[in-house]
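S.K.: Quick one, what's the 3D model for this:
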Amino acid sequence: MTSPSPAARPATAITVSDRSSDGRREDESGRVLVTALRTYGYAVDEPVVVPDGVESVAAALRGAVGQRHRLVVTTGGTGMGPRDLTPEATRQVITRDNPGLAELLRHEGARHTPYAAASRGVVGVVDWPDDVGVGGTLVVNLPGRPSAVQEGMDVLGPLLEHLIDQVAGGDH
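M.R.: Below you'll find the predicted structure:
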C-alpha cells in the first residue's frame, strides 16, 4: 500500500467508556484502534478517553474536528445499554451520514459474531465551514470490543484513502 507520510494524515482515536475514563479498566480497544490507524498511515496520538454520554462524546468529536483532522474513529458506546449513546452524540455533530458504510461494518462484523447486529454505530461527515477549507472530517463509530475494533478496521482500512480523498473534495 502506498500512502502519504503519516504526518500528512492526522487522525483522532476516541475511546468511549465509563470504566476506562475513570481508571477501572485498561483501554485495550483504544490501543488496538491506534495501532490499526498507524498501520494504515495515519498519525494518531494516544486515544482520547471519555465517559459514555452524549455531551462527552460530542465534545470530543468537536475537538477533533476543530483540529482539522480528516478522520476520527470512536470505539465504544454503540451497543444497547442505557449509557451507550455514541451514535446519538455522533448524529449531533455530523452534517451528512453514510449508512452504507455503517451497514458494511455490521455485515462484515456478523461474519465473526451475531452480536455485530446489535451495534448502532454510525458513519458520517462533518463538513467544514467555507472559511476553513474544502471538505471535512469522516467520523466512524466502532464497537468497544478490541476484536470488533480490529475487524472493523480491517474492513475500513483499505477504503480510507478513497473515502478521505472524497471528503477532502477529490474527484470521484
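
S.K.: quick one: the helices in this protein?
M.R.: Using DSSP state H, the helices of the chain run over 18-21, 28-39, 54-66, 86-93, 99-109, 146-156, 160-167.

S.K.: next one: the longest one to chain centre, how far?
M.R.: So the one you mean is helix 54-66. In terms of C-alpha atoms, centre = their mean, to the nearest Å, the centre of helix 54-66 is found 12 Å from the chain centre.

S.K.: Now do that helix: everything it contacts.
M.R.: 12, 14, 16, 48, 50, 72, 74, 77, 85-86, 88-90, 92-93, 126, 128, 136-137, 139 (C-beta atoms under 8 Å, 6 or more residues apart in numbering). All C-beta atoms are positioned from the backbone trio N, CA, C, and that covers glycine.

S.K.: could you dump that helix to CSV, C-alpha only?
M.R.: Written as CSV, here are the backbone C-alpha positions of helix 54-66 (Å, rounded to 0.1, in the frame of the first residue of the first chain):
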residue,chain,number,x,y,z
VAL,A,54,-23.9,12.4,24.6
GLU,A,55,-22.2,15.6,25.8
SER,A,56,-18.8,14.0,26.5
VAL,A,57,-18.6,12.2,23.1
ALA,A,58,-19.9,15.2,21.1
ALA,A,59,-17.3,17.5,22.8
ALA,A,60,-14.5,15.1,21.9
LEU,A,61,-15.7,14.8,18.3
ARG,A,62,-15.9,18.6,18.0
GLY,A,63,-12.4,18.9,19.4
ALA,A,64,-11.0,16.5,16.8
VAL,A,65,-12.9,18.3,14.0
GLY,A,66,-11.6,21.6,15.3
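
S.K.: buried set for it?
M.R.: 54, 56, 57, 58, 60, 61, 64, 65 (16 or more other C-beta atoms under 10 Å).

S.K.: will you turn the helices of the chain into a markdown table that also has distance to residue 119?
M.R.: As requested, the helices of the chain are exported to a markdown table (distance: least, C-beta to C-beta, whole Å):
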| stretch | distance to residue 119 |
| --- | --- |
| helix 18-21 | 18 |
| helix 28-39 | 13 |
| helix 54-66 | 15 |
| helix 86-93 | 9 |
| helix 99-109 | 6 |
| helix 146-156 | 8 |
| helix 160-167 | 19 |
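
S.K.: May I see the ones you listed arranged in a markdown table, with mean pLDDT and distance to residue 132 as well?
M.R.: A markdown table is the format used below for the helices of the chain (pLDDT from 0 to 100; distance: least, C-beta to C-beta, whole Å):
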| stretch | mean pLDDT | distance to residue 132 |
| --- | --- | --- |
| helix 18-21 | 93 | 30 |
| helix 28-39 | 97 | 23 |
| helix 54-66 | 97 | 10 |
| helix 86-93 | 98 | 15 |
| helix 99-109 | 97 | 24 |
| helix 146-156 | 97 | 25 |
| helix 160-167 | 95 | 13 |
